[in-house]
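**Q** My questions are about this predicted structure, shown below with the sequence.
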Amino acid sequence: MNTSEIAEKLADFFDLSKKKRSKKHKKLLKIIAKLEDKKAGLEADLLEAGEQDESSDKYVDLSQELEVVTKLLEKARKHEKKD
Amino acid sequence: MIQRMIAPLIFLIFIWFVVSNNDAKTIIAGVAIFLIGMHYMEDGFKLFSGGALEAVLERCTSTTPKAIGTGFVATAIVQSSSLVSVIIISFLSAELIGLTQAVGVVFGSNIGTTATAWLVSAFGLKIKIAHYALPMLIFGVVMQFSRHTSYRGIGSVLIGLGFIFLGISYMKEGFETLKDGLDLAEYAMSGYLGVFVYVFFGAIATVIIQSSSATMAIIITALATGQIDYINALALAIGANVGTTVTAAIGALASNKNGKRLAVAHFIFNIITGLFAVAFIYQLKALVDFLSPLLYISSSDDAMRLSLFHTIFNVIGVLIVSPFITRLVRFLETLFREEAEERGRAKYLTNEVMEIPAAALAALRKETIHLYDKSLEAIVHAMNLHRSEIFSDESIEQVVGHARPRINIDVDEVYNREIKSLYGEIIRYASITQKYMDEEGNNEIYELKLTARSIIEMVKDVRELQKNLNYYSRRHNAVTIEEYNKLRAQLVDVLRKIQQIRENEGDEEDVLTQIEVQREIVNANEIKLNREIDALIRDNKLDSRAASSLINDIGFAHSISKKLLNSASTLWVKDAQIKGLGDQYEYE
């Protein structure tokens, strides 16, 4: 390793803003994973509720919630791409 | 006249003493430099830890043993029991920890503070410490020029350590040359008379210097240079422990009830520990003599044996008093009880909390929730409802449909009496505390200020809604009453949803999802209600006056609902990244 590489590694090590961004990015990925799990769960519940009665309040509530979670997930993915 | 002259007279005598006696000047200068060092270390840890110290003190104090352990470790590292006390008092005030945990931390802190004695006896006297002090000062000052708060903090810690080492070096030098002219060891007193006298001197010295660590540093350097007898040094150390309670008591005079209660706990602990140590001083000395070889401490190293003694009697003190913490806390809670909460005054915004960012943010959040709860009362009564009905198990239709007498509430009067001044205190506190915050903290404060403003605007909106609600309820027009009941139902639905969120404490992603689902319902409802009004107008079921009132009031209800949901998002979704996924605040 030459001196400029060492200097770069030291700069990376002491670069607090880079560390902070990386921490935020990891957190965002966790949030996306949680939302994806939630979406998968809601889709399964919606399927089950739909087989019983598509006009029931439960079905309507679940589809509303699925719509919202899908929107939140899209937004989270947009933020992730920006990072 | 005479009273006013006493302080300047004492000061002049002090100046003459310092100037006329070179050795005293060196020793006192050493103490002064040592104290400056402690001050820099404290400030340095505040900056450097970036909230880590506060996070540790908040999270690692869930049980009493953990609280004691955390108090010990935090104080030993930070080298300042007063900083740990300030943080703990602010956490107590912000209700981040309970009194039992706080007392545990204070007990642990008493053990942690003995680390200074070890620092002085193990390093300060054994090596040419001044050689290390100067490079520390140089690098510490260089780091002060950094843009990063953490590096400036590390710089302050280095400066602090440098000054502490330099102070020890001057004290040692002063005592060594003093011995040539005046041998204080000639004034050694034996027996219990000597113990009591030197305990008294130790206490007085600590009260004057306002730092038991500085007193211990003087005792250790005096002992190491043979200026005082070993037993007398042990008694001085006990006195220093007792004297520190006076320091804490003086500090607590200007404090809130939590600070005062902790000062009483500290006092009780140190008095019990002091009495125990005095009664069993010779037995403790024997214990130190037994343990020293096991810890590789030489029998001739009085300074380190004194440090061991200091740690042992504090540990024994904790072991004696900690089984009685619950009883002690029950007693403390009977003290300094405040008057019943003054209407319209803040509950959580105390000065002690202001300088500790984590605690200040928690206090502001709690106070904003307090503002929300106060405003909720006004909003609910303005709709002729009671909170017990809204949060009951009855269906919304039943809650809204009950005929009930009008609740005579003057929203303006409630706003002026209970809400406006509380809002003012939040804004003032938020503005002052911003100077102690980093960027993230400032963003959070800004959001809380906007939420507080939003809550005030809701109260003003409901005042407008109330006028027509009451007017049309008196007209007994079934169509308008039904439409107004739909507005009330929407608000009840939103309030119930928010209350569920408060009570369930689920994942913040779930909380945000619930809020956003409700937001979609509210938006869809606004469109639906407006279409219904259009249909009623077309069918001649509504006159133009009622129609215009309803359309305006749908707008007010929609605005109140959105502001309720925006407030919920700020107050109960703390993670900024999760919150940022929701809809942005919209201020009309």
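**A** Thanks, I have it. Numbering: from 1, shown residues only, chains lettered A, B, ... in the order given.
**Q** what residues does chain B put near chain A?
**A** Applying Cβ under 8 Å from any Cβ of the partner chain, we find that chain B lies next to chain A at B:148, B:150, B:507, B:509-510, B:512-513, B:516-517, B:520-521, B:575, B:577-578, B:580-582. Where you see a C-beta, it was placed from the backbone N, CA and C, and this is true even at glycine.
**Q** now these: which count as buried?
**A** Neighbour counting with 16 or more other Cβ atoms under 10 Å in any protein chain shown marks B:His148, B:Ser150, B:Glu509, B:Asp510, B:Leu512, B:Thr513, B:Glu516, B:Val517, B:Ile521, B:Ile578, B:Leu581, B:Gly582 as buried within the residues of chain B next to chain A.
**Q** Ignoring the adjacent residues along the chain, who's closest to the fourth one?
**A** The shortest distance from B:Asp510 to any residue that is not its chain neighbour, by Cβ to Cβ, 6 or more residues apart in numbering or on different chains, is 7.6 Å, and that residue is A:Lys38.
**Q** which helices and strands sit right next to whichever strand or helix holds that neighbour?
**A** Applying DSSP states H and E as the criterion places A:Lys38 in helix A:16-52. In this structure, helix A:16-52 makes packing contacts with helix A:57-82, helix B:508-538, helix B:576-579, judged by 3 or more Cβ pairs under 8 Å, 6 or more residues apart in numbering or on different chains; DSSP states H and E.
**Q** now that helix and helix A:57-82, what's the angle there?
**A** 160 degrees (axes from the mean of the first three to the mean of the last three Cα atoms, to 10 degrees).
**Q** Show me what counts as buried in helix A:16-52.
**A** Of all the residues in helix A:16-52, those buried under the rule 16+ other Cβ under 10 Å are A:Leu28, A:Ile31, A:Ile32, A:Lys34, A:Leu35, A:Lys38, A:Lys39, A:Leu42, A:Leu46, A:Ala49.
**Q** average pLDDT for it?
**A** Across helix A:16-52, the average pLDDT comes to 85.
**Q** now stretch B:259-274
**A** For stretch B:259-274, mean pLDDT is 88.
**Q** quick one on the thing from earlier: how far away is the residue nearest to B:Asp510 from A:Leu47?
**A** 15 Å (Cβ to Cβ, to the nearest Å).
**Q** center of chain A - which residue?
**A** A:Ile32 (1.3 Å; Cα atoms, centre = their mean).
**Q** residues contacting that one?
**A** Taking Cβ atoms under 8 Å, 6 or more residues apart in numbering or on different chains as the criterion, A:Ile32 is in contact with A:Leu73, A:Ala76, A:Arg77, A:Glu80.
**Q** Among those, which ones lie close to chain B?
**A** A:Ala76.
**Q** Of the contacts of A:Ile32, grab the buried ones for ChimeraX.
**A** This is how ChimeraX selects the buried members of the contacts of A:Ile32, with burial counted by 16+ other Cβ under 10 Å:
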select /A:73,76
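**Q** Redo the contacts of A:Ile32 as TSV? Include pLDDT.
**A** TSV is the format used below for the contacts of A:Ile32 (pLDDT from 0 to 100):
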residue	pLDDT
A:Leu73	90
A:Ala76	88
A:Arg77	89
A:Glu80	82
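**Q** Could you look up the SS state of A:Ser55?
**A** coil (DSSP: H, G, I helix; E, B strand; the rest coil).
**Q** how close does it sit to chain B?
**A** 17 Å (Cβ to the nearest Cβ, to the nearest Å).
**Q** Near that residue, how many other residues are there?
**A** Residues near A:Ser55, counting by other Cβ atoms under 10 Å in any protein chain shown, number 6.
**Q** again with B:Phe14
**A** Neighbours around B:Phe14, by other Cβ under 10 Å: 12.
**Q** Please work out the average pLDDT along the helix or strand harbouring it.
**A** In this assignment (DSSP H and E), B:Phe14 forms part of helix B:2-20. Average pLDDT, helix B:2-20: 76.
**Q** what comes into contact with that helix?
**A** Residues contacting helix B:2-20 (Cβ under 8 Å, 6+ apart): B:Ala24, B:Lys25, B:Ile28.
**Q** Leaving out chain neighbours, which residue sits closest to the second one?
**A** Read it as B:Lys25. B:Val18 (5.0 Å).
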